[in-house]
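Provided below for reference: sequence and predicted model.
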Amino acid sequence: MSISTSYSLPTAANPGRAIDRLKEKAVELEGVFLNTLVAEMFKGLETDSMFGGGHAEETWRGMMAEQYADLMAKAGGIGLADQMVTALIEQQHYDPAPVFRASAIGAYEK
């Protein structure tokens, strides 16, 4: 039995795609972390001030916290995603510099 994953390590053939996928997953993970922080922040709010209190407010607050966290993570978050990507690339001893070099106009060339 073999286990396949959709993630592959960066190679000379696909360095950009693998790194983009890694960044995407790191942003998702940062969003989960931010969701926890925002949800805890909302717990301290008065229940009758925003939505009128009750079980429905608890449900909507959870959804609102999730959306806020997702937007914050996609807007750059608090820097966790960038640190995770950097650490994971360093852990793999991957150096993209020999494969691609940025040209003056921002395009990549071998």
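Structure's in. What do you need? Numbering: from 1, shown residues only.

can you give me the strands in this protein?
Listed from the start of the chain, the chain has strands (DSSP state E) covering 101-102, 108-109.

Around Glu30, how many other residues sit close by?
Using other C-beta atoms under 10 Å, Glu30 has 24 other residues around it. Backbone N, C-alpha and C define where each C-beta goes, glycine included.

In this structure it contacts Ala75, no?
No. When contacts are counted by C-beta atoms under 8 Å, Glu30 is not listed as touching Ala75 (10.8 Å).

Tell me where this structure has helices.
15-43, 47-50, 54-74, 80-91 (DSSP state H).

quick one: low-confidence ranges for the chain?
1-15, 47-53, 93-110 (pLDDT under 70).

Mind doing that once more with 90?
1-22, 39, 41-63, 73-74, 76-77, 84-110 (pLDDT under 90).

can you pull the contacts of Met41?
Ala65 (C-beta atoms under 8 Å, 6 or more residues apart in numbering).

Repeat the analysis, applying 10 Å as the threshold.
The contact partners of Met41, by C-beta atoms under 10 Å, 6 or more residues apart in numbering, come to 65, 68.

Could you do Asp70 as well?
With C-beta under 10 Å, 6+ apart, Asp70 has these contacts: 27-28, 30-32, 34-35, 38.

Name only those of these that count as buried.
27, 30-31, 34-35, 38 (16 or more other C-beta atoms under 10 Å).

For the residues you listed, give me TSV that also has distance to Ile89.
TSV is the format used below for the buried ones among the contacts of Asp70 (distance: C-beta to C-beta, whole Å):
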residue	distance to Ile89
Val27	15
Glu30	16
Gly31	20
Leu34	22
Asn35	25
Val38	28
